[in-house]
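Enquirer: sequence and predicted model, in that order:
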Amino acid sequence: MNKDNQTKANSKHHIIADTHANFPNSNDGGKTHSDDNANYTQWHTGFVQAMRLYLKDYENDLEFTDEFQLTRKPLSIDLTVVKKLDDITIKNSIGSFFRKHNILEYKSPKDEHNLETFYKVQAYAMLYMIALGNCNIYGTPINENDVTITIVRAIYPRKLMKALEKLGYNIHEDIENIYRIDGAQFPIQVAVTKPSTNTGEPDRDMIWLNVLSTDITKDTYNTFLSGINELDIKHSMFADAIFAIVSNVNEEKIEVWKEEQSMNDAMRRIMAKELKESRDEGLAEGRSEERNMMKEAILTAKKEHISDASQLEALGFDAETSHSTIAILRELGVIS
């Protein structure tokens, strides 16, 4: 294919995020990841919303699609993000690596991260290149030089890195906690989401990924809560999904922090129902009540399979909350 046709074929950039494809694991007797659906959904949902917040400064230039279908059978990549223009540059630790089409695989804190993962995500990339929706009008697949792979994990995958080094791959850490791997078919990086110790300018939006941990620190949690309070209503819905997951898996230590009465203003606002508010926090309390109402509406809509605002209004939600809820769920791809 000539250069002009290649440019037309690749007028959009794709960023893909994957927690697990839905197909049998050869080492578990045919058991699929859906057998552990509750844990999978919890971490996957958090990761998808964390990536949306991580890339929120670029959201007008990106197109997100949850669970990109690779084949007609149940084999999919969990999140695609389409870069709408060729000249968009993402200036953060993970995004600076991206080319046109970028595949991300997320490993939750309890997931194995081994050579199987390394080879599997490259297989996903190859399937993605030839997926029907990604070929141009002549049937030509995506150019492999336009594809990168990012594996996202809470902690450093020591065993995998040692195995790769033994196989002759070159691994280098040009950015703290971002490990580039040379020698594979595609450019690959491993992004470790534990909080950085770098005293330089931080990647501020990394906090949305930092908190996806079973071992969160108080400082990280407070930074996360402060970040939530800086978000508008639309983006706070993404953060609320992360908040629910983080609170669930770190419940005991969060209860201790609450009892210590040493939480900052952001924590008091996000937990307004549980803590005694001072009189001058009326505005913050109102925002908290609005957010709680929106969260309840979203949970109700998802549970009852509601796709129209009038159905929520019939259940007692006000018109503004009902219409905002349906709009957000449509944008997230939960309803059509």
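Expert: Sure, I can see it. Predicted model only: the values in this text are computed from it and were never measured.
Enquirer: residues of the helix or strand harbouring L329 that come out buried?
Expert: In the assignment (DSSP states H and E), L329 maps to helix 319-332. Buried positions in helix 319-332, judged by neighbour count with 16 or more other C-beta atoms under 10 Å: T321, S322, H323, S324, T325, I326, I328, L329, L332. Any C-beta I mention is one placed from the backbone N, CA and C, and that applies to glycine too.
Enquirer: mind giving me the packing neighbours of it?
Expert: helix 233-249, helix 282-304, helix 309-314 (3 or more C-beta pairs under 8 Å, 6 or more residues apart in numbering; DSSP states H and E).
Enquirer: could you rerun that using 10 Å?
Expert: helix 37-54, strand 62-69, helix 233-249, helix 282-304, helix 309-314 (3 or more C-beta pairs under 10 Å, 6 or more residues apart in numbering; DSSP states H and E).
Enquirer: wait, which of these is closest to G227?
Expert: G227 lies closest, by C-beta to C-beta, to one member of these: helix 233-249, at 7.4 Å.
Enquirer: tell me the angle of that closest one relative to helix 37-54?
Expert: Here the directions of helix 233-249 and helix 37-54 differ by 140 degrees (axes from the mean of the first three to the mean of the last three C-alpha atoms, to 10 degrees).
Enquirer: what is helix 233-249 packed up against?
Expert: Helix 233-249 packs on helix 37-54, helix 207-210, helix 218-228, helix 251-259, helix 265-270, helix 282-304, helix 319-332, going by 3+ C-beta pairs under 10 Å, 6+ apart.
Enquirer: tell me which of these sits most buried.
Expert: Across the helices and strands packed on helix 233-249, the average number of neighbours (mean count of other C-beta atoms under 10 Å) peaks for helix 207-210, which reaches a mean of 25.
Enquirer: what pLDDT, on average, does that one get?
Expert: Regarding helix 207-210, the rounded mean pLDDT is 94.
Enquirer: check stretch 241-260 too.
Expert: Mean pLDDT, computed over stretch 241-260, is 87.
Enquirer: show me how far it is from its chain's centre.
Expert: Here stretch 241-260 is found 20 Å from its chain centre; the criterion is C-alpha atoms, centre = their mean, to the nearest Å.
Enquirer: and if you look at stretch 306-317?
Expert: 28 Å.
Enquirer: make 283 the starting number, not 1.
Expert: OK, 283 is where the count begins now, so the last one is stretch 588-599.
Enquirer: can you point out the buried residues in it?
Expert: By neighbour count on 16+ other C-beta under 10 Å, the buried set for stretch 588-599 is I588, A591, Q593, L594, F599.
Enquirer: give the contact list for the nearest residue to the last one once chain neighbours are set aside.
Expert: Think F599. Once flanking residues are discounted, F599 sits nearest to A579: 5.1 Å by C-beta to C-beta, 6 or more residues apart in numbering. With contact taken as C-beta atoms under 10 Å, 6 or more residues apart in numbering, A579 is in contact with 588, 591, 594, 597-600, 603-604, 606-608, 610-611.
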